[in-house]
Every structure is written in C-alpha cells, then in structure tokens.
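Engineer: sequence unavailable; structure follows:
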C-alpha cells in the first residue's frame, strides 16, 4: 500500500497540490456521477442519425475513458472528457437530419476538426483565434446551444409536438385520452414533466449527481408504471419497454460491438463548402467550450496563475483534441472537456488521479449496457432540458449595455432554436456582429479574421 501511495504521489504530485488519494478518489466518483448521464443521452441522440445505439454506447464509454486518461497524463488536471452535449445534437439533428448528410460524413468532419485542433493546440494560433471572437459572442453560442438542447428535450419527451397550423404546440392530454393512446404516449409526457421537476429539486438541494439521479428516478417511475400497466409499450409509436433485457444472461453484459460505426468515415464531401461550414462549426464550438470549461473550472480550483492563465493549458487542449479524433474514429461526436468536472473540483480534486478514477468508472460502465440501453427518451429528456438551463445561464454575462455587442449576441441565440441549427446561429452571429459594427463606424472592433469569416458565411447563403 505504501508503494502504491508512493507511486501515486510521484505520478500525480499529490502533496504538491495539497491533496491525497482519498480526496482524489471521492472527487473522481463525484465527477463521474454528475456526467454519467452522457452514457444514456448520447446514444439516444446519435441513434436519431441512424447510428447503432449499442455501438454508440460502447464508443461513448471508450472515448470518455481515453480522453480523460489523456487529460491525466498530458496535463495532470482533474478534468473529465466525454462526447459534448450540444455538439452531439448538432451532429444528429442539424448535419444529418436537417442538412441531409450521412452520419459517416459527420464523423469525418469531427475527425478533421480534431486534427486541426491538434495543430492549433501545438502552436499559438489557438490564442489568436480565441482572441478574435468577441467574448459576448462566445457566451451567446453557449446560450443558444442551451435553448436548442432544451427544445430537443421537449420534443423527445413529446411535451412539444409538431402542428401544421402553428408549427409547434403542446401535447394534448385530452386528445390522447380520446384516441386511447394515453397509456403509451400521455403517461410518458407526465413522467418527463415529473423528471424535470425532480431534477430541478435535486439541483436546488445541491444533491451530487443530480442530473444522473433525475434520469434514474424518472426511469424507475417508468418501470413502476410499466409493471403496473399504467405504461404500455408500443414500438410503432416509439414507446419501448423500459425494462432491461437480460434474457441473454451473462452475454447481455458484454459490451456492444463497435463494428457498425468504427472508422466509418465518408470524405466524399471533403472539398465542398458545406463540409467546411460543418467542420468549422464543430471546431468553433469545441474550441470555445473547451477553453471556457478549462478556465472556469480551473478558476474554481485556484489553478490559474497571477496573470489568469492556466499553466498546463497546452497539454489540456492537446488531450481534448486527440480525444476528439479518437472519439470520431470510435464512432461518436466531438469529445470535449465537461463542465461537470467542477463537481469533483468542489470535492477537492486537484490532480490527474481524479481524472483517472473517472476513466476507470467509464470503462466499468461498459459492462452495464443492458441498463443504459433500457433508459427511455422520457427519462433522458429532462436531462437535456436541465443541461440547456445550465448552458443558458451564460446569458447573465452578456453585456447588454453595448448594443453593438448585445444585438449580434441576441441574433446568434435566437437563430439556433428557431432555425433548428447551431451552425446557422454561429453564422448569423458572426455576420451580424461584423455588419453592425462596420455600419456603426466601429470597424476596428471586428478583427480581420471575423471579417473574413463573415464574408465566407455570406457567400455560403448566396451560392447555396
């Protein structure tokens, strides 16, 4: 045990970082609990694009474990990685469902942006790009993605449904009762609404792992409803059994094969303008989400130096970038640093040992796939809605007093849910920022890079 303690001390410099093995292990478990919902949510979202749900679950666990281990090795930070929320929604709902590209092409775009991110992480170009994008616009992207994710959650739960007359409307319980479909449709809406309230209550009470517990409790309520006959599965209506399928015995706990999605890249659209826009959107959101998360969580842990810089940020960015490439190869959307890492930091996690514990737990989760596969959309939808709220809170940091900053930020925010596209929100935000400031005689506020991007996006709308 002493040798183990010595090994861990020498590897992670625990004393230097004023921590110990017990504290780091508790922090690792706490971080995993707060972000384990991704194991249920990511396969649910990406399966919409036609990807095999079981294979995506395996890829999610492996990409998360690999990325988090890289963070421990390359930076010795207590930050965990997993396929990012928002980016997975953009992947499935915008690139595949709306733009009409295959998920193989989307994986290729993620892989390419990962390679570019690796290059940027090894040079000082990243700082130049980061400084070129106005802070208010960066915050607006987070807010817009939050609204987009929340809208998807409302749709997945059927709280909001399509309506030919008004485009969208609330689910009608009276119509469901009249049609006799309440037991397979209406009850799931009720359970999803309860899930939102339960998760909100757990968050208000500062219960660790509140989002995960919200999913689990809502799922358990669904199981009770199915066993009691209140919920009747109807696959034709998208209402599946919520009971884990253990009929295969021990084999049921064998991780699903990656073969349906492993290395399934489609580079046939590589030289198209659309591919460039998709790839840049992945790169843009990944880059600024990562930087924002690293700096935000590091601030909470007092890891920033006197100049407000993160000492080993290059290693952390490199870990994130490599994880993105590896995740795409495995078959999942962009793997990025999770803001939920703040939960572990709050528990005292300060080194890569915390991240290592998280990685080990992700690997162990591979052998519990029957349970994750049984979690229904009405149980994961509350997580999407609540995560949307967490991202939306960045709106409080947008400077609304400077209208040349606030209006483009507002345009970026509303474009994402209303155009049902994160990409369009980013494009509208950049274009409006440049045009508004140039017309206002404040051309110098928009950097040369911002102006170049605005021109590219305007040409996209003219030519496509």
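Structural biologist: Right, received. Where do you want to start? Please read all numbers here as calculations on a predicted model, not as lab measurements.
Engineer: switch to C-alpha atoms for all contacts and neighbour counts from now on
Structural biologist: OK.
Engineer: tell me how far the longest helix along the chain lies from the chain's centre.
Structural biologist: Within the chain, and with DSSP state H defining each element, the longest helix by residue count is helix 273-300. Helix 273-300 has its average C-alpha position 11 Å from the chain's average C-alpha position, going by Cα atoms, centre = their mean, to the nearest Å.
Engineer: buried sites along it?
Structural biologist: By neighbour count with 16 or more other Cα atoms under 10 Å, helix 273-300 contains the buried residues 273-295, 297-299.
Engineer: then stretch 184-199?
Structural biologist: Along stretch 184-199, the positions that meet the burial threshold by neighbour count (16+ other Cα under 10 Å) are 184-196, 198-199.
Engineer: mean confidence score for it?
Structural biologist: The average pLDDT for stretch 184-199 rounds to 94.
Engineer: likewise for stretch 59-79?
Structural biologist: Confidence over stretch 59-79, taken as the mean pLDDT, stands at 96.
Engineer: so in this protein, where's the weakest helix or strand by average pLDDT?
Structural biologist: Among the helical and strand segments of the chain, the one scoring lowest on mean pLDDT, DSSP states H and E is helix 125-132, with a mean of 66.
Engineer: can you name the element that comes right after it?
Structural biologist: Where DSSP states H and E defines the elements, the next helix or strand beyond helix 125-132 is helix 135-156.
Engineer: can you pull the buried residues of that following helix?
Structural biologist: Buried-residue list, helix 135-156, by 16+ other Cα under 10 Å: 136-156.
Engineer: domains in this structure, by residue range?
Structural biologist: For the chain, whose domains are defined here by automatic domain parsing, the residue ranges read 2-389, 396-464.
Engineer: which of these sits most buried?
Structural biologist: Among those, ranked by average contacts under mean count of other Cα atoms under 10 Å, first place goes to domain 2-389 (a mean of 21).
Engineer: for that one, what is the distance to the chain centroid?
Structural biologist: For domain 2-389, the separation from the chain centroid amounts to 4 Å (computed by Cα atoms, centre = their mean).
Engineer: what ranges do the helices span in the stretch 351-464 of the chain?
Structural biologist: Ranges of helices within the stretch 351-464 of the chain are 352-364, 369-374, 377-392, 403-418, 422-439, 448-463, based on DSSP state H, counting those that start in this stretch.
Engineer: and if you look at the stretch 51-200 of the chain?
Structural biologist: With DSSP H, counting those that start in this stretch as the criterion, the stretch 51-200 of the chain has helices spanning 53-75, 87-89, 103-122, 125-132, 135-156, 173-179, 187-204.
Engineer: how about the ones you listed in TSV, adding distance to residue 454?
Structural biologist: TSV is the format used below for the helices of the stretch 51-200 of the chain (distance: least, Cα to Cα, whole Å):
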stretch	distance to residue 454
helix 53-75	33
helix 87-89	22
helix 103-122	20
helix 125-132	13
helix 135-156	13
helix 173-179	46
helix 187-204	39
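Engineer: among the ones you listed, which comes closest to residue 384?
Structural biologist: Taking Cα to Cα, helix 135-156 is the member of the helices of the stretch 51-200 of the chain nearest to residue 384, at 5.0 Å.
Engineer: counting by contacts, list what the closest one packs against.
Structural biologist: Taking 3 or more Cα pairs under 8 Å, 6 or more residues apart in numbering; DSSP states H and E as contact, the helices and strands that helix 135-156 lies on are helix 273-300, helix 377-392, helix 403-418, helix 422-439.
Engineer: mind telling me what element residue 336 is part of?
Structural biologist: Taking DSSP H and E as the criterion, residue 336 maps to strand 335-337.
Engineer: contacts for the following helix or strand past that strand next, please.
Structural biologist: Elements were assigned by DSSP H and E; along the chain past strand 335-337, the next helix or strand is helix 341-346. By Cα atoms under 8 Å, 6 or more residues apart in numbering, the list of residues contacting helix 341-346 from outside reads 26-31, 34, 78-80, 208, 297, 300-301, 354.
Engineer: name the nearest of the residues you listed relative to residue 436.
Structural biologist: Of all these, the one sitting nearest residue 436 is residue 297; the distance, using Cα to Cα, is 33.3 Å.
Engineer: look up how far residue 184 lies from the closest one.
Structural biologist: 42 Å (Cα to Cα, to the nearest Å).
Engineer: same deal with residue 311?
Structural biologist: Applying Cα to Cα to residue 311 and residue 184 gives a distance of 54 Å.
Engineer: geometrically speaking, which residue is the centre of the chain?
Structural biologist: Central residue check for the chain by Cα atoms, centre = their mean: the C-alpha nearest the mean position is that of residue 85, 1.4 Å away.
Engineer: hmm, back to that, okay if I get the helices and strands packed on helix 135-156 as CSV plus mean pLDDT and distance to residue 161?
Structural biologist: What follows is these, written out as CSV (pLDDT from 0 to 100; distance: least, Cα to Cα, whole Å):
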stretch, mean pLDDT, distance to residue 161
helix 273-300, 77, 27
helix 377-392, 86, 14
helix 403-418, 94, 15
helix 422-439, 90, 20
